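K.L.:
Sequence and predicted structure, then a few things I'm wondering about:
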4 protein chains.
Amino acid sequence: MPAEPNGRPSPSPSFTVPESEPEKRRAILHAAVKVFAEKGYHGCRIADVAKQAGVAYGLVYHYFQNKEELLESVFAEQWTIFITSLRAISEGPGGAPEQLAGVCRFAIDVFRTAPAAVRVLLLEVARTPNAFRAGSTRQTFEDAVAIVAGIVRRGKERGEVRPDADPVVVAAGLLGALELTLTGMVVGLLGGTSEEDIERVKKGVVDLVLGGVAAR
Amino acid sequence: MPAEPNGRPSPSPSFTVPESEPEKRRAILHAAVKVFAEKGYHGCRIADVAKQAGVAYGLVYHYFQNKEELLESVFAEQWTIFITSLRAISEGPGGAPEQLAGVCRFAIDVFRTAPAAVRVLLLEVARTPNAFRAGSTRQTFEDAVAIVAGIVRRGKERGEVRPDADPVVVAAGLLGALELTLTGMVVGLLGGTSEEDIERVKKGVVDLVLGGVAAR
Amino acid sequence: MPAEPNGRPSPSPSFTVPESEPEKRRAILHAAVKVFAEKGYHGCRIADVAKQAGVAYGLVYHYFQNKEELLESVFAEQWTIFITSLRAISEGPGGAPEQLAGVCRFAIDVFRTAPAAVRVLLLEVARTPNAFRAGSTRQTFEDAVAIVAGIVRRGKERGEVRPDADPVVVAAGLLGALELTLTGMVVGLLGGTSEEDIERVKKGVVDLVLGGVAAR
Amino acid sequence: MPAEPNGRPSPSPSFTVPESEPEKRRAILHAAVKVFAEKGYHGCRIADVAKQAGVAYGLVYHYFQNKEELLESVFAEQWTIFITSLRAISEGPGGAPEQLAGVCRFAIDVFRTAPAAVRVLLLEVARTPNAFRAGSTRQTFEDAVAIVAGIVRRGKERGEVRPDADPVVVAAGLLGALELTLTGMVVGLLGGTSEEDIERVKKGVVDLVLGGVAAR
DNA sequence: GATGAATGAGGCTTCATTCAT
DNA sequence: CATGAATGAAGCCTCATTCAT
């Protein structure tokens, strides 16, 4: 978990965030997620973030070196949460089928809870051309693939997964299927975002990944 | 192949030159594919495209209204080729399993042939935030999903596909799996781009989509 | 003389500047001299220069990489003129005393003709902290010293100059004396800028350098 | 005149600590000298000064109205020392030749001792464009010229100096020669800063000012 | 058709200064 | 006295777009 060691002194009021970090820094980060999700990296202006966060323009630069670092932070944080949960699933109970289904369910549930955050991850991460695939972004993307691949590998060892499946390819495929499916929902291609629709999509993806499309 | 790709009102007065498209216009389009692929839409400047095409600055604006239209044209062209082929597959011989496998093979083969073009589609299409998903881009994306969904639907009718599969979800999932897999290759996550690697990935995706991961 | 090889095509109308250079580029350079002289490097904004030159903001960046390059160009040009004249004097007729006197007269005359340009050289060149003393600025400054030092050296060889005089020190001293004297005039410390005042100062500097202050 | 350098209204209530000046105020002043010397007035940020002084950001503003006042204070202090010494020389023993030589020696010795401080004076004082030549800076500069001019004037009365020498012009010339010579040393144009080099330069300047370059 | 000079709004970033603690 | 978070005006630079030739 983050717990950045910048020794920022807890300003006291809230204790919602343990390793307390300046309230306004958090506000900026939150605002960035939202604005970013709405307008994308290039469409989002620092001014928008500041306004959304209710802070002065310059304060953004007090906490972040520049626009890129701000957005890297957003990514890092979002992915960190996602990765942490993936890891929890992979280390939790159940066989590969259950865990993979869990991954799908989790991803889609997150989307239901915080669509903006998901949108950020989906629309920008790992697709941004070379320049941005720099630091943490790339790393965390690989982490996600690695974790899922791990689930598959162990499934093979236990005979739960087809022996000829390539773990990494399956992992990438699974995440890709999830992603485009979610994108489809974001975009409105797969129906709305009603409970029912979401449930239907969730089932569809899980079935696809586990059982494939072929009739038995 | 695209009999008459995008309905440009042939600006030339006579019919003497049938498929007449100014040589330089084509050069610009080609250049745009390359530059977009390398730097992304926002990262590339009109000047870059012009230079790459070996053409004067202003000429780009002679042939295209503005940057966005240029982008749209690039997409339209690329997608047109892709969509046309998808359609050919879907209208061709074979049942759903064969056709879906064909889609996967085709997509990956295209990538082997013209990685730059694929990269453009992958990195920009359908991920560009709302504002840009304007015209044809969105449309062609939906077309692709629709065609694949059609394959699935007909497969269900013939009993080749599990009756509870949701065609659209499956289609989105398939394309997503393809996409992230390709991205993984672009990025170097799934090994290099040797014949062997590509073959392995191709098989992996086809198996995943058709049979799922679960051991029978 | 400059004659930059950017192959700029002579725009035709005037033929005042042989190795013709875009009229507006020149306008910008002129404007920069003026604004620069008035406000100094840091006080001068690109917007001021553009306005003064009667061109659009962006055009400045069409001709110059950035602010620093613009001002380097101003320096280079001014110094080039100055250096060229110094060299002419040093290669011209007369002994060291006459030539040194010539240098003083020339410098002060230039000031009378183009005080703004002189002000630029005086107030900024060679005094600007490390960062700026970069490229040409530093070089041309050294050139000036070298040329004057050359005059002194040859004077020694011909016995016109005290045999124990250190050419470089004398050169630096001479230019320094000139400079602060001119600064004094710029600033108003040495009286106004009437013909008479200038004549008086000119004589004073020449006498100081040639004969020193000591009564014979 | 500067009996009490810069009229700071001693903020401390009692007289118990005579020349009481807060330790940190002094630290800031010292730091400012160094930072100004390194980066120049415009190139240095208040933050730099604070950091160099090992003091909190805002404290600078506790002791000085603003950046300009800080600069003025630095100058005032440095010049005060310089002016005081000049005055001591001018009021001390010896004729004009000895005193002028003394001025040169003193200036160069100071440089040897505290090059940073000298650099500040050289690179900023009296060259800052009109806007800044405001308060004390300008004044002290004029003071220096006046004192040296005084030495020359009295020399003329005693017949030690050529009767046609203009005191103010000579003074400006002398200081200018000194200045550019020192700059040359700072910049590395006149050799290094070894004892020997300094000695050579010192002699060169004294000879130039007293005897001129012409062979007798 | 073709060229590239010219335009100018928009956005990022810096940094002096203020203020609450 | 000290601290450093907060503010926001100011300026540099980019780059899509226009236009005269």
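P.N.:
All right, it came through fine.

K.L.:
Which secondary structure element comes immediately after the strand or helix carrying A:Arg26 toward the C-terminus?
P.N.:
If you go by DSSP states H and E, A:Arg26 is part of helix A:23-43. Sequence-wise, the next helix or strand downstream of helix A:23-43 (DSSP H and E) is helix A:46-53.

K.L.:
list the buried ones in the following helix or strand past that following helix?
P.N.:
Toward the C-terminal end, the helix or strand that comes next after helix A:46-53 (DSSP H and E) is helix A:57-63. Neighbour-count burial for helix A:57-63 flags A:Leu59, A:Val60, A:Tyr63 (criterion: 16 or more other Cβ atoms under 10 Å in any protein chain shown). Where you see a C-beta, it was placed from the backbone N, CA and C, and this is true even at glycine.

K.L.:
Could you see whether chain D lies near helix A:57-63?
P.N.:
No - using Cβ under 8 Å from any Cβ of the partner chain, helix A:57-63 stays clear of chain D, coming no nearer than 11.5 Å.

K.L.:
Past that helix, which element shows up next along the chain?
P.N.:
Later in the chain than helix A:57-63, the nearest helix or strand by DSSP H and E is helix A:67-91.

K.L.:
Just confirm yes or no for that next one near DNA strand F.
P.N.:
No - under the criterion of Cβ under 7 Å from any atom of the strand, DNA strand F is not reached by helix A:67-91; the shortest gap measures 12.4 Å.

K.L.:
Please list all residues in contact with A:Val168.
P.N.:
A:Val145, A:Ala149, B:Gly184, B:Leu189, B:Leu190 (Cβ atoms under 8 Å, 6 or more residues apart in numbering or on different chains).

K.L.:
element containing it, please.
P.N.:
Short version, using DSSP H and E: A:Val168 is in helix A:167-187.

K.L.:
Dump that helix to PDB, keeping only the CA atoms.
P.N.:
What follows is helix A:167-187, C-alpha atoms only, in PDB (Å, rounded to 0.1, in the frame of the first residue of the first chain):
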ATOM      1  CA  PRO A 167      -0.600 -18.700 -18.700                       C
ATOM      2  CA  VAL A 168       0.600 -15.400 -19.900                       C
ATOM      3  CA  VAL A 169      -1.500 -15.400 -23.100                       C
ATOM      4  CA  VAL A 170      -4.500 -16.500 -21.100                       C
ATOM      5  CA  ALA A 171      -3.900 -13.700 -18.600                       C
ATOM      6  CA  ALA A 172      -3.600 -11.100 -21.300                       C
ATOM      7  CA  GLY A 173      -6.600 -12.400 -23.000                       C
ATOM      8  CA  LEU A 174      -8.700 -12.400 -19.900                       C
ATOM      9  CA  LEU A 175      -7.800  -8.900 -19.000                       C
ATOM     10  CA  GLY A 176      -8.300  -7.800 -22.500                       C
ATOM     11  CA  ALA A 177     -11.700  -9.400 -22.600                       C
ATOM     12  CA  LEU A 178     -12.600  -7.700 -19.400                       C
ATOM     13  CA  GLU A 179     -11.300  -4.400 -20.600                       C
ATOM     14  CA  LEU A 180     -13.000  -4.200 -23.900                       C
ATOM     15  CA  THR A 181     -16.200  -5.400 -22.300                       C
ATOM     16  CA  LEU A 182     -16.000  -2.700 -19.700                       C
ATOM     17  CA  THR A 183     -15.100  -0.200 -22.300                       C
ATOM     18  CA  GLY A 184     -18.200  -1.400 -24.200                       C
ATOM     19  CA  MET A 185     -20.200  -0.600 -21.100                       C
ATOM     20  CA  VAL A 186     -18.600   2.700 -20.600                       C
ATOM     21  CA  VAL A 187     -19.300   3.600 -24.100                       C
END
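
K.L.:
Just give me how far it sits from the chain centre.
P.N.:
In terms of Cα atoms, centre = their mean, to the nearest Å, the centre of helix A:167-187 is found 12 Å from the chain centre.

K.L.:
Quick one: mean pLDDT over that helix.
P.N.:
Helix A:167-187 carries an average pLDDT of 86.

K.L.:
same check, this time on stretch A:192-204
P.N.:
Here the average pLDDT along stretch A:192-204 is 85.

K.L.:
And the contacts of that stretch?
P.N.:
Contacts of stretch A:192-204 (Cβ under 8 Å, 6+ apart): A:104-105, A:108, A:111-112, A:115, A:181, A:185, A:190-191, B:165-166, B:169-170, B:173.

K.L.:
what's the most distant pair in the residues you listed?
P.N.:
Largest separation among the contacts of stretch A:192-204 by Cβ to Cβ: A:Pro115 and B:Ala165, giving 25.5 Å.

K.L.:
neighbour-wise, which of those two wins?
P.N.:
Between A:Pro115 and B:Ala165, counted using other Cβ atoms under 10 Å in any protein chain shown, the more crowded position is B:Ala165 (24 against 16).

K.L.:
quick one: buried residues of the regular element (helix or strand) spanning A:Ala149?
P.N.:
Assigned by DSSP H and E, A:Ala149 belongs to helix A:135-157. The neighbour-count criterion (16+ other Cβ under 10 Å) identifies A:137-138, A:140-141, A:143-156 as the buried residues of helix A:135-157.

K.L.:
Find the closest residue to chain D in chain A.
P.N.:
A:His62 (11.5 Å; Cβ to the nearest Cβ).

K.L.:
who are the neighbours of the helix holding A:Ala149, in terms of helices and strands?
P.N.:
Judged by 3 or more Cβ pairs under 8 Å, 6 or more residues apart in numbering or on different chains; DSSP states H and E, the packing partners of helix A:135-157 are helix A:67-91, helix A:96-113, helix A:167-187.

K.L.:
tell me the angle of that helix relative to helix A:167-187?
P.N.:
Helix A:135-157 runs at 120 degrees relative to helix A:167-187, counting by axes from the mean of the first three to the mean of the last three Cα atoms, to 10 degrees.

K.L.:
For helix A:135-157, C-alpha coordinates in CSV please.
P.N.:
What follows is helix A:135-157, C-alpha atoms only, in CSV (Å, rounded to 0.1, in the frame of the first residue of the first chain):
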residue,chain,number,x,y,z
GLY,A,135,7.8,4.4,-15.0
SER,A,136,5.2,2.8,-12.8
THR,A,137,2.5,2.6,-15.4
ARG,A,138,4.2,-0.1,-17.3
GLN,A,139,5.3,-1.9,-14.2
THR,A,140,1.9,-2.2,-12.7
PHE,A,141,0.4,-3.3,-16.0
GLU,A,142,2.9,-6.1,-16.1
ASP,A,143,2.1,-6.9,-12.5
ALA,A,144,-1.5,-7.4,-13.2
VAL,A,145,-0.7,-9.8,-16.1
ALA,A,146,1.7,-11.7,-13.9
ILE,A,147,-0.7,-12.2,-11.1
VAL,A,148,-3.4,-13.6,-13.3
ALA,A,149,-0.9,-15.7,-15.1
GLY,A,150,0.1,-17.1,-11.7
ILE,A,151,-3.5,-18.2,-11.1
VAL,A,152,-3.5,-20.0,-14.4
ARG,A,153,-0.2,-21.7,-13.8
ARG,A,154,-1.2,-23.1,-10.5
GLY,A,155,-4.5,-24.2,-12.0
LYS,A,156,-2.6,-26.2,-14.6
GLU,A,157,-0.5,-27.8,-11.8
